[in-house]
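*Asks:* sequence and predicted structure are below.
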Protein chains: 2
Amino acid sequence: MKPATWRADLVAGAVVAVLLIPQSLAYAMLAGLPAQVGLYASLLPLLAYAALGSSPVLGLGPVAVLALMIAQALAGLPASVGAEAGALVLAAEVGLLLAAAALLRLDALASLLSVPALRGFENGATLMIAASQLPVLLGSAAAGFTLPDLAASALHGGWGLRSAAWGAAAVALLLLARRAGSRLLMRLAPLALLVAAMALSALTPAGRGVAQVGALPALSLPLGLPPLQGALWWQLLPSAALVALMAFVSSLAVSESLAQRRGEKLLPAAELRGLAAANLVASLTGGMPVAGSFSRSILLHEAGAHSRWALVFVAVFMALAMALLAGPLAHLPKPVLAATIVVAVLGGFSLQPYREAWRYAPAEGLLMAAVSVTVLAWSVGAALALGVAGSVALLIQRTARPHVARIGRVPGTHHFRNVERFAVECRPEVVGLRIDESLVFTNARGLADVVLAHVREHRAQVGAPQRVLLLMAPVNHIDVSGLVALQELHAALAAEGLRLEFSEVKGPVLDRLRAVGWLERHDVSLYLSHHEGIQAGEQALRPSQADLDAPGQL
Amino acid sequence: MKPATWRADLVAGAVVAVLLIPQSLAYAMLAGLPAQVGLYASLLPLLAYAALGSSPVLGLGPVAVLALMIAQALAGLPASVGAEAGALVLAAEVGLLLAAAALLRLDALASLLSVPALRGFENGATLMIAASQLPVLLGSAAAGFTLPDLAASALHGGWGLRSAAWGAAAVALLLLARRAGSRLLMRLAPLALLVAAMALSALTPAGRGVAQVGALPALSLPLGLPPLQGALWWQLLPSAALVALMAFVSSLAVSESLAQRRGEKLLPAAELRGLAAANLVASLTGGMPVAGSFSRSILLHEAGAHSRWALVFVAVFMALAMALLAGPLAHLPKPVLAATIVVAVLGGFSLQPYREAWRYAPAEGLLMAAVSVTVLAWSVGAALALGVAGSVALLIQRTARPHVARIGRVPGTHHFRNVERFAVECRPEVVGLRIDESLVFTNARGLADVVLAHVREHRAQVGAPQRVLLLMAPVNHIDVSGLVALQELHAALAAEGLRLEFSEVKGPVLDRLRAVGWLERHDVSLYLSHHEGIQAGEQALRPSQADLDAPGQL
């Protein structure tokens, strides 16, 4: 590696460490954990990701949205289980789930969260995080992870004027640094504020009466297995699944967009591996679940990081910080940390995405807003469930009926085209239909309806049919719901005295139908080409032509 | 109406009422409600459905799966709120949600639950219902709505030998009646058993020491509004949403399949209206949430019901039963009711669907089993969330990359075909691609990747391009996630010095893109036909041909 590359990575590492130190402490506090847990989570997990991940600019470590999810997960634990033990189990489960996803090649699952669901969630979480830090900022004892809870508990607690002064001063200084226009100042401000606050609080009486981070145990990495209690693991599993999904989706979103900007190729599977390793290492070294941070990733990119060595340098600087901060950290006033969080997350909040989604597709804009409100009023789990269910519901609402075209033969050829758009020939005894998409649960229920409508049209325009021949070439997949829909179609056609037949079924689709003996069980004839299907019918059915006029048929 | 039709409807009504009386009492008990609530829910709601619904054979009333869901919802209420009040609020919310769905024409949402999700849920609920009735059957005090809870509480409670004797005898008699082979006997058995048990318990000392339904308040319909407490409504809302979804999906499944069998046309929107009205009426007349029962619907069909008058007759018979049962019902031993439930639901349980799904698509079979296990070990809410999320995940796993074909011109024509399957002409300066499906969140994330792969292929096989022209004719819809994917594709192409252009965009898709000024903002050219796009480019770009050799391009 060239010296220039080393130097660039070293500088980028230093720049990001300066931002990561205050953020890691603050997000640990946000998660309801001792501040040093944030430092532990920013050290060895980075090395694990650097070894197995693929992006050179993923700012791995504690992130705000995950911290909120961790806090909600740990709040449900019985008092006998320490929050730190819970965080270790959670990190272990997240790591194992991501490793399982990597093994099963489930990287496509990132699409599970549609853009409105993801953005609505992140925006809602941002507001919730800011709201949850307000009491700390103001020295109130109020606490809670939903707006109603917070509001209710705020009614009982009072203010701490001294805390509020610290908090207000810290917010003012951070905002001033942002406004100053100097990037360097803006980036240095959180760490400088932290150091100044520690000094002020340790050396003068200003910190008295204000909640402080407090005496820490020796700041050395606590190596060891997370507690192996079955009940605890079972209880945290659903939260771990949500945290794992969010960790993967949010990390991939930022690393993918940066990779496209940098002209690099990103391997989603490698990202899964890297994240899995990082979380497992976090669970073995006193940490908490980690993911890629949007702000720190952008910073790594802008500061000129070249390779994953930049991440290694970040870890080195974090180790240095741990050694230096051990003593003074105890004096750090919590309102200052809260101010860091509030200013950091609110910078990312914007109403713009709601407005844009609303203008393009009102229903999706509403879903985005509903997901945000659900985070605030309810829980992250309910919000994610609403996001997934709502996205599917909107998709189904638009695509509930599969596209099916009635087709006829282009005269003099073996080609078949839509009867509504081309001058084609149709034979009365057979309805030719082209299924234009895969038959899956989102559209399968409408199949029988659509096909029967085409049959009625054929009967009115061409004549009384005996068979319905489905051209299946565009069908790439039939899931169990699609198979049941075909079964119901078969029964509905049989009730009208019509045979169901397929032509040009794709290999993989055919293999699966054959594996369960579906075609034989339902006596469905199969043709290699649609043309052959139309012809074959002519010969095969000629003897039973009399059936056409049988009274049993419609 | 002909006398024959009247008579058929009257007979069918009587047959179904004989089954509905024991079921309504039992399912109310299963829901944790007084037995008479089941009777109330089987009277006026039926008339409401008959007035507004569309199926003549929907066996409306209390159903087992909903009863389990209601029980879980009510178990979470504070002790100060009576279960009956909670059930009324729940029914009101279910009615309002279904009415809203009817207004918004959301009947397509029935597809939200894929076949594996729905069957897995119903089978799991069936087992859970049977398990929850075992303690009642055996006179144990154990209770709970998950297997772990039940098992834990069973360790503390003992058996009641007398109750167990009642329960075992009832189960044995019901099974004997099933085995007897006579349909009439099988159908009459539950009611006959009920009457016999009431008589035995009231007139002899056999019922002593056994839990009985107990003295009822006057059996007259309690008309009135459900309690209007905001907090209670808010707390029950998520459960109501799940109950409403399940009520609609399960009712529609049975009414649709019977309609196809009967050659009738079913209107899903009318079903929504009918169910909404039935649940609203239930909430005003002391009932509980209702839906269409599978077993009773089949029975109505088989007993020869012709019109919705059959449902009216069922209601008349239920009113008669209410008047006659008022006194003796108090003496009915609960183990007998529990036996009715266990025998009724276990008749519907089968491992066959798991096996079939597993053979056809192992992943979907596993999902079905996982949903069932989640019902048993966790909650109905978690199971439904898993069902929806799992179905989408499997769909995404299969369809994460949109189908995009690289196309060229069929020599001498204006037609364009896949370069891999036809001998076609391609021009080096433009990559022609056909997007073969709608761009939605399930496939949108893969778009840039797929297009860039085609561009690389084109560069290797044809030459260095300047533009990428997407033929959008098969694209019926672009959702917000699809729009973001197009945006990212635009940025990724721009990073390689390539222009993005569209041809043959469908009207509705174009309208939406224009509404937000997307095309102008991204400077995307638009062509009416793909051929025109290829040609236009030739002329427009000729002056800038020099750009092709610019060093900035790959």
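*Replies:* Perfect, thanks for sending it. Small disclaimer: the values here were computed from a predicted structure and weren't measured.
*Asks:* give me the below-cutoff pLDDT ranges for the stretch 201-350 of chain A.
*Replies:* Applying pLDDT under 70 to the stretch 201-350 of chain A flags residues A:215-220.
*Asks:* up against chain B, what does it have?
*Replies:* A:P238, A:S257, A:Q260, A:R261, A:G263 (CB under 8 Å from any CB of the partner chain). The way it works is simple: take the backbone N, C-alpha and C, and place the C-beta from them, glycine included.
*Asks:* one more pass at 6 Å, please.
*Replies:* A:Q260, A:G263 (CB under 6 Å from any CB of the partner chain).
*Asks:* show me where chain A has its strands.
*Replies:* Ranges of strands in chain A, per DSSP state E, are A:59-61, A:291-293, A:404-409, A:416-418, A:430-435, A:467-471, A:499-503, A:525-527.
*Asks:* got those strands as CSV, with distance to B:H454 and mean neighbour count columns?
*Replies:* Below are the strands of chain A laid out as CSV (distance: least, CB to CB, whole Å; neighbours: other CB atoms under 10 Å in any protein chain shown):
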stretch, distance to B:H454, mean neighbour count
strand A:59-61, 32, 32
strand A:291-293, 29, 28
strand A:404-409, 26, 20
strand A:416-418, 26, 18
strand A:430-435, 25, 24
strand A:467-471, 26, 23
strand A:499-503, 29, 21
strand A:525-527, 32, 17
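*Asks:* mean pLDDT lowest where, among those?
*Replies:* With a mean of 87, strand A:416-418 has the lowest mean pLDDT of the strands of chain A.
*Asks:* who does it touch, helix- and strand-wise?
*Replies:* strand A:404-409 (3 or more CB pairs under 6 Å, 6 or more residues apart in numbering or on different chains; DSSP states H and E).
*Asks:* mind redoing it with 8 Å?
*Replies:* If contacts are counted by 3 or more CB pairs under 8 Å, 6 or more residues apart in numbering or on different chains; DSSP states H and E, strand A:416-418 sits against strand A:404-409, strand A:430-435.
*Asks:* could you list every residue that touches A:S55?
*Replies:* A:S255, A:L258, A:A259, A:E264, A:L266, A:E271, A:G274, A:G292, A:S297, A:R308 (CB atoms under 8 Å, 6 or more residues apart in numbering or on different chains).
*Asks:* what is the nearest of those residues to A:A211?
*Replies:* Of all the contacts of A:S55, A:G292 has the smallest distance to A:A211: 30.5 Å, by CB to CB.
*Asks:* residue contacts, the closest one?
*Replies:* A:S55, A:L58, A:G59, A:L60, A:V63, A:S250, A:S251, A:V254, A:S255, A:L275.
*Asks:* which one of the residues you listed is nearest to A:E302?
*Replies:* Nearest member of those to A:E302, counting by CB to CB, is A:G59, at 11.2 Å.
*Asks:* pLDDT score for the residue lying closest to A:R359 once chain neighbours are set aside?
*Replies:* With sequence-adjacent residues excluded and distances taken as CB to CB, 6 or more residues apart in numbering or on different chains, A:R359 is closest to B:V516, at 5.2 Å. On pLDDT, B:V516 comes in at 90.
*Asks:* now B:V516: how far from A:R355?
*Replies:* 10 Å (CB to CB, to the nearest Å).
*Asks:* neighbour count winner among those two?
*Replies:* The residue with more neighbours, out of B:V516 and A:R355, is B:V516; 15 against 11, by other CB atoms under 10 Å in any protein chain shown.
*Asks:* point out where the stretch 451-554 of chain A drops to low pLDDT.
*Replies:* Scanning the stretch 451-554 of chain A for pLDDT under 70 picks out A:537-554.
*Asks:* ok, and the closest non-adjacent residue to the closest residue to chain B within the stretch 201-350 of chain A?
*Replies:* Going by CB to the nearest CB, chain B is nearest to A:Q260 of the stretch 201-350 of chain A, at 4.7 Å. Computed as CB to CB, 6+ apart, the closest residue to A:Q260 that is not its neighbour in sequence is B:A492, at 4.7 Å.
*Asks:* need the contact list for that neighbour.
*Replies:* Contacts of B:A492 (CB under 8 Å, 6+ apart): A:Q260, B:A448, B:L452.
*Asks:* those helices in the stretch 251-400 of chain A, which residues are they?
*Replies:* A:268-284, A:294-302, A:309-325, A:334-346, A:352-360, A:362-377, A:380-399 (DSSP state H, counting those that start in this stretch).
*Asks:* can you lay out those as CSV showing distance to B:G230?
*Replies:* Converted to CSV, the helices of the stretch 251-400 of chain A look like this (distance: least, CB to CB, whole Å):
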stretch, distance to B:G230
helix A:268-284, 41
helix A:294-302, 38
helix A:309-325, 49
helix A:334-346, 31
helix A:352-360, 27
helix A:362-377, 13
helix A:380-399, 19
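*Asks:* who touches the residue lying closest to A:P116 once chain neighbours are set aside in this structure?
*Replies:* Distances taken as CB to CB, 6+ apart put A:M368 closest to A:P116, at 4.1 Å, once the chain neighbours are dropped. The contact partners of A:M368, taken as CB under 8 Å, 6+ apart, are A:P116, A:A117, A:R119, A:G120, A:N123, A:P353, A:Y354, A:A357.
*Asks:* close enough to count as contact, the first one and A:S391?
*Replies:* Yes: look at A:P116 against A:S391 with CB atoms under 8 Å: they come within range, at 6.9 Å.
*Asks:* what is in contact with these two at once?
*Replies:* With CB under 8 Å, 6+ apart, A:P116 and A:S391 have common neighbours A:L367.
*Asks:* the closest residue to A:A315 other than its chain neighbours: how many residues sit nearby?
*Replies:* Nearest residue to A:A315 in three dimensions, chain neighbours excluded: A:L46, at 4.3 Å (CB to CB, 6+ apart). A:L46: 31 surrounding residues under other CB under 10 Å.
*Asks:* distance check, A:L46 against chain B.
*Replies:* 26 Å (CB to the nearest CB, to the nearest Å).
*Asks:* correct me if wrong: that residue contacts A:L311.
*Replies:* Yes: at 5.1 Å, A:L46 counts as touching A:L311 under the criterion of CB under 8 Å.
*Asks:* phi, psi for A:V81 please.
*Replies:* With angles defined as degrees, to the nearest 10, A:V81 sits at phi -100, psi 120.
*Asks:* which ones are touching it?
*Replies:* A:V81 neighbours (CB under 8 Å, 6+ apart): A:Q229, A:L232.
*Asks:* domain map for chain A?
*Replies:* Per automatic domain parsing, the structural domains of chain A span A:3-394, A:404-549.
*Asks:* how far does the longest one sit from its chain's centre?
*Replies:* Mean C-alpha position of domain A:3-394 versus that of the full chain (CA atoms, centre = their mean, to the nearest Å) differs by 16 Å.
*Asks:* list the contacts for the residue nearest the centre of chain A?
*Replies:* Centroid-nearest residue in chain A: A:V249, 3.7 Å away (criterion: CA atoms, centre = their mean). Going by CB under 8 Å, 6+ apart, A:V249 touches A:A110, A:L112, A:L113, A:L118.
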